[in-house]
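# Generate a structure from the sequence data that follows.
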Amino acid sequence: MSFGFLGIQFGFALQNSNMSRIFETMGAKTDEIAYLWLAAPITGLLVQPIIGYLSDRTWHPTFGRRRPFFFIGAVLASLALVVMPNVTALWMAAGMLWILDSSINISMEPFRALVGDLLPSQQRTTGFGAQTFFIGVGAIVGSSLPWIFANWFGVSNTPEPGHISLSLKYAFYVGGLVFFLAVLWTILRTKEYPPENLAEFEAEKKRTAGFANGFRESFQGIFHMPKTMRQLAVVQFFSWFALFSMWIYTTQAVTSHVFHTTDTTSALYNKGGDWVGVCFSVYNGLSAVVALLLPMVARATSRRFTHMLALVMGGVGLISIYFIHDYHYILLSMVGVGIAWASILSVPYAMLAGALPANKMGYYMGVFNFFIVIPQGAAGLILGPLTKHVFHDQPIYTLMLGGVSMIISGLLTLRVHDADDIRLPIEAPAESLGYDALSPANPEV
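Numbering: from 1, shown residues only. Sure thing, here's the model as predicted:
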């Protein structure tokens with residue numbers, strides 16, 4: 001059920017490690033790049049809650065509940081990956097990012113809900129850990145593919161002014177193919193089960209059908225979140241603010257602070273850009289391994305402590321880049337980032353799933369996505385002016401700010417109520433979950 005995430009993250013890794021490079025190649029200035037990245041949070045804000053809402057109300061005896069959305073998103077994202085490296089103007093690159101990110105979100109959101117649908121509470125940490133493993137495997141190759149083409153196969157990585165390098169083009173083409181085939185594997189190999197009461201499900205679907213109703217209820221859901229979800233939302237805000245600062249500004253920080261160049265047509269700049277891809281593949285690869293260990297650490301301590309420790313290590317990793325002058329040592333910084341990334345992709349969702357009613361798993365997972373895209377939107381709006389006017393066009397300081405934000409998110413994790421944590425007092429009141437814990441909507445309690 002998680003293998004399709006390999007393809008999703010393959011495409012996501014190509015986007016994260018190369019879009020700032022593409023924007024800069026197309027002529028974007030340092031403070032403009034953050035604004036151009038706003039496409040990612042805005043599309044996530046609009047797409048994921050609606051897709052989660054609609055997938056909750058979808059059932060077909062052959063195609064299931066979540067799998068139709070996997071397929072639609074995979075087709076659109078694969079086509080967008082093929083078109084992206086052929087853009088010839090900044091507005092085209094910005095437009096393609098909107099399309100690409102929307103398509104990835106269509107496939108991604110139902111994968112989270114699928115684990116909640118099919119696994120019991122005691123297996124969810126492992127289930128989301130398995131997703132993180134495949135995310136890491138896909139991102140290892142996806143992030144480093146331009147470097148592989150340039151260094152292993154001798155493909156040119158130095159473009160003409162205003163054009164994308166050949167190595168980057170080939171990487172996106174391969175990404176489109178891998179995205180589609182990996183998601184297709186999950187579609188063909190995963191069995192979904194019908195709602196327990198099909199007549200009641202159909203009646204509810206008719207009563208709440210439609211995009212408009214889904215859009216309205218999704219945004220209203222922010223005001224009716226369970227307590228655990230509200231607490232995790234604050235943690236998510238600071239951790240994803242940090243991640244977005246990393247994705248936007250690592251290329252600029254590394255090329256200017258470590259490689260000492262801002263000339264996008266120079267061989268040195270593109271060497272630095274390729275090395276950022278390698279660094280991203282390292283943190284994603286490490287996350288694939290760490291994801292398998294997190295359930296054991298969580299059982300020995302707690303999910304809250306595990307997540308706190310991972311986020312603090314990630315924050316320290318980002319801050320440490322400031323002190324590095326030999327680019328090889330950036331790989332050591334990525335160790336902390338990889339540990340944090342593994343936890344961010346699994347532990348919050350495992351804690352959240354235990355606090356959600358089963359019949360609204362996709363809906364609440366979509367609403368939870370608001371607290372991924374809202375900090376991304378905030379980062380897109382403020383990091384550009386902050387980098388230009390406060391940090392005087394020195395993006396390395398923006399990266400350090402992201403590290404501080406990640407440490408804050410780790411400390412805030414300790415206040416989260418984990419409904420499935422057996423170490424919590426057994427007399428914890430039912431209302432602490434944010435809804436009637438003994439109701440039929442939550443039969444596991």
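
# burial count for the closest residue to Thr125 other than its chain neighbours?
The shortest distance from Thr125 to any non-neighbouring residue, by Cβ to Cβ, 6 or more residues apart in numbering, is to Ala350 (4.2 Å). (C-beta placed from N, C-alpha, C; glycine too.) Residues within reach of Ala350, counting by other Cβ atoms under 10 Å, total 26.

# isn't Ala350 right next to Gln123, touching?
No - counting by Cβ atoms under 8 Å, Ala350 sits too far from Gln123 to count as a contact (9.6 Å).

# and the helix or strand harbouring Thr306, what other elements does it pack with?
Using DSSP states H and E, Thr306 sits in helix 303-320. On a contact count with 3 or more Cβ pairs under 8 Å, 6 or more residues apart in numbering; DSSP states H and E, helix 303-320 meets helix 227-253, helix 267-300, helix 330-344, helix 347-353, helix 395-413.

# List the buried residues of the last one.
Neighbour counts over helix 395-413 (16 or more other Cβ atoms under 10 Å) mark 395-403, 405-410, 412-413 as buried.

# Would you mind finding the most buried of the helices and strands packed on helix 303-320?
helix 347-353 (a mean of 27; mean count of other Cβ atoms under 10 Å).

# Give the rounded mean pLDDT of that helix.
For helix 347-353, the per-residue pLDDT values average out at 84.

# ditto for stretch 400-407
97.

# and what of stretch 22-34?
86.

# wait, is Cys393 part of a strand?
That one is not Cys; residue 393 is Asp. No - assessed with DSSP: H, G, I helix; E, B strand; the rest coil, Asp393 is coil; it does not lie in a strand.

# Which residue, other than its chain neighbours, is closest to Gln231?
That would be Val416: by Cβ to Cβ, 6+ apart, it lies 4.4 Å from Gln231.

# quick one: contacts for the closest residue to Trp240 other than its chain neighbours?
Leaving aside its chain neighbours, Trp240 sits nearest to Pro375 (4.4 Å; criterion: Cβ to Cβ, 6+ apart). For Pro375, the contact set (Cβ atoms under 8 Å, 6 or more residues apart in numbering) comprises Pro41, Gln236, Phe237, Phe238, Trp240, Phe241, Phe244.

# From Ala139, how far out is the most centrally placed residue in the chain?
For the chain, the residue sitting closest to the mean C-alpha position, by Cα atoms, centre = their mean, is Leu345 at 7.2 Å. Distance, Leu345 to Ala139, using Cβ to Cβ, to the nearest Å: 10 Å.

# what does Gly380 give?
22 Å.

# same check, this time on Phe237
23 Å.

# can you check His60 too?
His60 is 31 Å from Ala139, by Cβ to Cβ.

# And these two? Which one has more around it.
Counted by other Cβ under 10 Å, His60 and Ala139 do not tie: Ala139 has more neighbours, with 31 against 11.

# In space, what's closest to the more buried one - neighbours in sequence excluded?
Using Cβ to Cβ, 6+ apart, the nearest residue to Ala139 is Asn284, at 3.2 Å.

# Now for the spatially closest residue to the residue nearest to the centre of the chain that is not a sequence neighbour, how many residues are close by?
Nearest non-adjacent residue to Leu345, counting by Cβ to Cβ, 6+ apart: Thr132, 4.4 Å away. A count of nearby residues for Thr132, using other Cβ under 10 Å, gives 29.

# One more: Ile324?
Residues near Ile324, counting by other Cβ under 10 Å: 17.

# same deal with Leu184?
Using other Cβ under 10 Å, Leu184 has 17 neighbouring residues.

# what does Asn18 give?
Asn18 has 28 nearby residues by other Cβ under 10 Å.

# ok, back up a step: wasn't the residue nearest to Gln231 part of a strand?
No - going by three-state DSSP, the assignment for Val416 is coil, not a strand.

# What distance do you get for it to His307?
Val416 is 8 Å from His307, by Cβ to Cβ.

# okay, and the common contacts of Leu345 and Ala139?
By Cβ under 8 Å, 6+ apart, Leu345 and Ala139 have these common neighbours: Ser287.

# Pro195 belongs to a helix, doesn't it?
No - judged by three-state DSSP, Pro195 forms no part of a helix; its state is coil.

# My read is that the residue nearest to Leu345 contacts Gly285, right?
No - using Cβ under 8 Å, Thr132 makes no contact with Gly285, being 11.6 Å away.

# shared neighbours of these two, anything?
Listed as contacting both Thr132 and Gly285 by Cβ under 8 Å, 6+ apart is no residue at all.

# orientation of the helix or strand harbouring Val137 relative to helix 303-320 in degrees?
Val137 is part of helix 121-152, with elements assigned from DSSP H and E. Put simply, helix 121-152 runs at 20 degrees to helix 303-320, going by axes from the mean of the first three to the mean of the last three Cα atoms, to 10 degrees.

# coming back round to it: need the least confident one among the helices and strands packed on helix 303-320, by mean pLDDT.
helix 347-353 has the lowest average pLDDT among the helices and strands packed on helix 303-320, namely a mean of 84.

# Who are the packing partners of it?
helix 90-118, helix 121-152, helix 227-253, helix 267-300, helix 303-320, helix 361-368.

# how about CSV for the ones you listed, with distance to Ile33 added?
Shown next, in CSV, are these (distance: least, Cβ to Cβ, whole Å):
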stretch, distance to Ile33
helix 90-118, 10
helix 121-152, 18
helix 227-253, 6
helix 267-300, 13
helix 303-320, 18
helix 361-368, 27
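
# buried sites along the helix holding Val137?
124-150.

# now it, how far from the chain's geometric center?
With Cα atoms, centre = their mean, to the nearest Å as the basis, helix 121-152 stands 12 Å off its chain's centre.

# who are the neighbours of it, in terms of helices and strands?
Helix 121-152 packs on helix 4-25, helix 90-118, helix 166-189, helix 267-300, helix 330-344, helix 347-353, going by 3+ Cβ pairs under 8 Å, 6+ apart.

# Pull out the CA atoms of stretch 318-331 and give them to me as PDB.
In PDB, the C-alpha atoms belonging to stretch 318-331 read as follows (Å, rounded to 0.1, in the frame of the first residue of the first chain):
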ATOM      1  CA  LEU A 318      20.500  23.200   9.300                       C
ATOM      2  CA  ILE A 319      22.300  25.700  11.600                       C
ATOM      3  CA  SER A 320      25.600  23.800  11.200                       C
ATOM      4  CA  ILE A 321      25.800  24.600   7.400                       C
ATOM      5  CA  TYR A 322      26.900  28.200   8.300                       C
ATOM      6  CA  PHE A 323      30.100  26.800   9.800                       C
ATOM      7  CA  ILE A 324      31.100  24.700   6.800                       C
ATOM      8  CA  HIS A 325      33.600  25.700   4.200                       C
ATOM      9  CA  ASP A 326      34.400  22.400   2.500                       C
ATOM     10  CA  TYR A 327      31.200  21.400   0.700                       C
ATOM     11  CA  HIS A 328      31.700  17.600   1.400                       C
ATOM     12  CA  TYR A 329      31.000  18.200   5.100                       C
ATOM     13  CA  ILE A 330      27.500  19.400   4.300                       C
ATOM     14  CA  LEU A 331      26.600  15.700   4.100                       C
END
